[in-house]
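K.L.:
quick one, fold the following:
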Amino acid sequence: MKKKISEKKSLFGLFSNNKFTLFFSFLVSVIIWALVAVFASPVESRNFNDISVNINTEDSNAEQLGLSIFGQKDFTVNVTVKGKRYEISPTALSADDFIVTADCSSVDSSGKQVLNVKVSPANVNAAFEITNYEPKTVTVYFDYLRTRSYSVKTEITPSSDFVSDEYIKKIVPSRTVVDISGPVTKLDQISSVIAKIDLSDKTLPLTKTETFETTAIPVNEKGGTIPYVKVGDGNDKISVTIQVLKSVTLKSSVRFTGTPSYFAEHPIEYTCYPDTLGVAISDELLNNTETLDVGTIDFSKIKAGKNEFTFNASDIRSAEVTDGTESIKASFEMKGFISKTVEIPYENIKITGVPDGYTIVPDENETLTVKATGLENEITSLTEDSVFAYANATGFTPDGSEGELDVQITFVNAPSCWTEGSYKIPVVIS
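P.N.:
Below is the predicted model of the structure:
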């Protein structure tokens with residue numbers, strides 16, 4: 001009996017303690033609040049804005065038909081939910097707790113398609129209710145992806161009088177053809193691809209060649225731009241050079257390469273037909289020449305006796321032929337020159353630049369025979385010991401135990417001699 005009285009006094013003593021009373025009151029209030037929140041929490045509504053819509057064409061009619069989406073692909077919806085306060089509070093629910101999809105099952109053709117939007121909880125056991133969402137549909141453009149090539153047309157403003165009469169203009173775009181990809185129905189609308197140059201802020205007329213940066217723009221018949229299409233890999237930049245060229249008449253000429261030293265003092269006397277050409281050429285090049293090189297002649301292609309070489313006017317890069325000439329002939333005769341066949345001894349074949357770790361030598365079982373041409377007195381006195389072959393193996397990648405190297409032929413005490421054609425030597429690699 002005394003023990004029970006003691007326990008009652010002890011419990012009474014605890015409640016007589018202000019700190020314990022305060023803690024106990026707080027604990028009871030928290031428990032009561034939790035019970036009310038769980039069992040008597042009021043039902044509320046909450047809005048979630050700008051939730052992304054997932055447009056998944058995988059395993060859909062659109063995918064089976066080969067249709068792709070063009071234009072706007074990023075859509076959002078606003079969702080309203082209803083539920084108990086603790087279930088839809090900011091700490092309990094976020095935009096990640098919703099699955100928002102656009103249904104592609106009805107897509108059966110190209111063009112703009114209205115897709116139904118579906119919103120559902122990510123957790124199938126979610127206790128809240130989705131009461132509304134907007135928009136309930138999205139409009140998406142479907143079409144077949146194709147790539148086609150188009151010629152680039154340059155449009156210059158003003159279209160005339162930007163070069164004075166004494167000059168000729170030549171428009172040279174960095175690209176004359178571009179690939180354009182996009183929906184096939186939009187590609188069908190492309191009438192032309194233009195590169196626009198505006199010279200309104202330039203001092204006109206132009207007196208020298210200038211280059212301008214612009215873009216390739218696909219347009220329809222009325223000049224309007226085409227949506228959803230892309231030039232190349234997205235790089236639609238084009239450089240357009242306006243060459244300002246002077247109209248002059250120049251004497252035709254040719255150049256020689258691989259020329260033996262003898263011809264430094266005894267140049268070949270050749271004739272060109274036509275002898276002169278009407279051309280358009282830049283002032284910079286015109287100031288440095290009175291002739292126009294129509295082509296290059298390699299001595300390895302020259303033979304004893306009569307020679308004739310033909311060059312296409314369209315291949316001339318330093319100027320543009322404007323008088324209608326399509327080809328130029330250069331002719332000459334190598335009088336006093338003869339040819340003979342010479343076999344080069346094995347010991348006269350030299351190889352340099354052999355890669356580290358390899359040995360490369362001429363194949364002893366093969367012979368190197370060349371056709372030598374030169375003045376008669378030099379050719380008749382030419383011996384095997386007067387001819388040497390040099391091969392440079394720098395950059396050569398050995399593949400197996402055999403190969404071939406290009407050779408250059410030189411002559412001793414024969415300054416007028418050269419070899420007709422080009423030659424290779426078989427080599428052994430180890």
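K.L.:
for burial, what's the neighbour tally of Ile226?
P.N.:
Ile226 is flanked by 19 other residues according to other C-beta atoms under 10 Å. Any C-beta I mention is one placed from the backbone N, CA and C, and that applies to glycine too.
K.L.:
now it. Nearest residue, chain neighbours left out?
P.N.:
Pro218 (4.7 Å; C-beta to C-beta, 6 or more residues apart in numbering).
K.L.:
helix or strand: which one has the one you found?
P.N.:
Per DSSP states H and E, Pro218 falls inside strand 210-219.
K.L.:
do the same with Pro90
P.N.:
With DSSP H and E as the criterion, the answer for Pro90 is that it lies in no helix or strand.
K.L.:
what of Arg317?
P.N.:
Here Arg317 is assigned to no helix or strand, by DSSP H and E.
K.L.:
kindly report the same for Phe48.
P.N.:
strand 43-52.
K.L.:
adjacent strands (with direction) for the next helix or strand after that strand?
P.N.:
Helices and strands here follow DSSP H and E; after strand 43-52, the next one along the chain is strand 54-55. Applying DSSP bridges, strand 54-55 is found paired with strand 98-102 (parallel).
K.L.:
contacts for the partner strand?
P.N.:
Around strand 98-102, the neighbours that count as contacts under C-beta atoms under 8 Å, 6 or more residues apart in numbering are 48, 51-56, 75, 77, 79, 115-122, 130, 133, 138, 140.
K.L.:
quick check: angle from that strand to strand 43-52?
P.N.:
Between the axes of strand 98-102 and strand 43-52, defined by axes from the mean of the first three to the mean of the last three C-alpha atoms, to 10 degrees, the angle is 50 degrees.
K.L.:
in strand 98-102, which residues are buried?
P.N.:
For strand 98-102, a neighbour-count test (16 or more other C-beta atoms under 10 Å) marks 98, 100, 102 as buried.
K.L.:
so after that strand, what's the next helix or strand?
P.N.:
Next along the chain from strand 98-102, counting by DSSP H and E, comes strand 111-121.
K.L.:
what about that following strand, average pLDDT?
P.N.:
Per-residue pLDDT over strand 111-121 has a mean of 91.
K.L.:
would you map the helices across the stretch 251-400 of the chain?
P.N.:
Taking DSSP state H, counting those that start in this stretch, the helices of the stretch 251-400 of the chain run over residues 283-286, 376-380.
K.L.:
distance of the nearest residue in space to Phe311 that is not next to it in sequence from Thr249?
P.N.:
Spatial nearest neighbour of Phe311, chain neighbours left out: Gly295 (3.6 Å); criterion: C-beta to C-beta, 6+ apart. Plainly put, Gly295 is 19 Å away from Thr249 if you go by C-beta to C-beta, to the nearest Å.
K.L.:
higher neighbour count, these two?
P.N.:
Between Gly295 and Thr249, counting by other C-beta under 10 Å, Gly295 is the more crowded of the two (18 against 11).
K.L.:
thinking that one is in contact with Arg317, fair?
P.N.:
No - assessed by C-beta atoms under 8 Å, Gly295 is found out of contact with Arg317, at 10.6 Å.
K.L.:
count of neighbours near Ser239?
P.N.:
A total of 13 residues lie near Ser239 under the criterion other C-beta under 10 Å.
K.L.:
make that Leu204, sorry
P.N.:
By other C-beta under 10 Å, the residues close to Leu204 number 12.
K.L.:
what about it, which SS state?
P.N.:
Here Leu204 is recorded as coil under DSSP: H, G, I helix; E, B strand; the rest coil.
K.L.:
give the contact list for it.
P.N.:
Counted by C-beta under 8 Å, 6+ apart, Leu204 has contacts 158, 161-162.
K.L.:
over to Asn47?
P.N.:
78-80.
K.L.:
over to Glu213?
P.N.:
237-240.
K.L.:
then Asp143 would be within a strand, right?
P.N.:
Yes - Asp143: assigned to a strand according to three-state DSSP.
K.L.:
neighbours of the residue nearest to it when sequence neighbours are not counted, how many?
P.N.:
Of all residues not flanking Asp143 in the chain, Pro183 sits nearest, at 3.1 Å (C-beta to C-beta, 6+ apart). Using other C-beta under 10 Å, Pro183 has 25 other residues around it.
K.L.:
what bridges to Pro183?
P.N.:
Assigned bridge partners for Pro183, using DSSP bridges, are Leu145.
K.L.:
relative to Ser68, which of the contacts of Glu213 is nearest.
P.N.:
Proximity of those to Ser68 (C-beta to C-beta) peaks at Lys237, which lies at 25.4 Å.
K.L.:
how does the protein divide up, domain by domain?
P.N.:
According to automatic domain parsing, the chain comprises the domains 2-39, 43-135, 145-245, 246-334, 338-429.
K.L.:
can you pull the buried residues of stretch 270-289?
P.N.:
So stretch 270-289, judged by 16+ other C-beta under 10 Å, has buried residues 270, 272, 274, 277-282, 286.
K.L.:
out of the residues you listed, which are inside strands?
P.N.:
272, 277-281 (DSSP state E).
K.L.:
and the residue nearest the centre of the chain?
P.N.:
Asp233 (7.0 Å; C-alpha atoms, centre = their mean).
K.L.:
in a strand, that residue, correct?
P.N.:
No - Asp233 sits outside any strand when classified using three-state DSSP, being coil.
K.L.:
next up, phi/psi of it, please.
P.N.:
The phi/psi pair for Asp233 (degrees, to the nearest 10) reads phi -90, psi 20.
K.L.:
since that was my last question, I'll sign off now.
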